[in-house]
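Engineer: have a look; sequence and predicted model below, questions after that.
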Amino acid sequence: MVEVRLRVNGTAREIDVEPQVSLLDALRERLGMTGTKKGCDQGACGACTVLADGERICSCLALAVQYDGREITTIEGVDHPLQAAFTEHDGFQCGYCTPGQICSAIGMLAEHKAGAPSAVTEELDGDGAELTDDEIRERMSGNLCRCGAYNGIVDAVREVAGP
C-alpha cells in the first residue's frame, strides 16, 4: 500500500492504495466521488474526465499515486456557468457522460483562453483562435455522448465562452 495525499474539491484527503489503482477507482471507491463515471475504462470515452490542477485528464488512465499532492476537481466540486448552460441547451440526455463533459469543457475553455491550438485552428496569431463550433467540436472530441446530445453541448459551451 502507498499513502496518497490529494486535495479533492478543495479538501485535503489521504488514502492508502495499491500502486496500480487508477485515480478513477480511488475517487469512486475510496473517496465516494461517484459523479465521475467509469465508461470504457480505456480513456476512449471521456466519462471519467476530471481536472488535475485545472487540466482535464482521463482519470481511468491515471494512477492515483501519480497525483499525490495535486488538486483534483470532480463534478461534485464544480460550480460553473456550464452546468446551467448544459441544462438550458439540452446538453445531456441520460446524463451519464455529463460530469465528464462538463469537466472537459471547463478544461477546454482554459486551454483555449491560454492560446493552445487544436487540430482545426486556422490562425496561430497569438491572440487565440476564435472559438467556432468546429473548434468546440474538435476540442471536445475526446468525450463521447451515446445519446447524441452534441448540438446542445456545443451550444452550451458557445454560450459560456461568449463572443
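Structural biologist: Perfect, I can see it now. Numbers count the residues shown, from 1 in each chain.

Engineer: and the longest helix along the chain, which residues are buried?
Structural biologist: Assignment by DSSP state H gives helix 98-113 as the longest helix of the chain. Across helix 98-113, burial judged by 16 or more other CB atoms under 10 Å covers 98-109, 111-112. Every residue, glycine included, has its C-beta placed from N, CA and C.

Engineer: in a markdown table: these, plus pLDDT and distance to residue 149.
Structural biologist: Below are the buried residues of helix 98-113 laid out as a markdown table (pLDDT from 0 to 100; distance: CB to CB, whole Å):
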| residue | pLDDT | distance to residue 149 |
| --- | --- | --- |
| 98 | 97 | 9 |
| 99 | 97 | 14 |
| 100 | 97 | 13 |
| 101 | 97 | 8 |
| 102 | 98 | 12 |
| 103 | 98 | 16 |
| 104 | 98 | 14 |
| 105 | 98 | 13 |
| 106 | 98 | 17 |
| 107 | 98 | 19 |
| 108 | 97 | 16 |
| 109 | 97 | 18 |
| 111 | 95 | 22 |
| 112 | 94 | 21 |
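
Engineer: which one of these is nearest residue 5?
Structural biologist: Nearest to residue 5 among the buried residues of helix 98-113 is residue 103, at 21.4 Å by CB to CB.

Engineer: excluding chain neighbours, what is closest to the closest one?
Structural biologist: Distances taken as CB to CB, 6 or more residues apart in numbering put residue 49 closest to residue 103, at 4.6 Å, once the chain neighbours are dropped.

Engineer: could you report the separation of that neighbour from residue 160?
Structural biologist: Residue 49 sits at a distance of 17 Å from residue 160 (criterion: CB to CB, to the nearest Å).

Engineer: neighbour count: those two, which is higher?
Structural biologist: Under the criterion of other CB atoms under 10 Å, the comparison of residue 49 against residue 160 puts residue 49 first, with 31 against 18.
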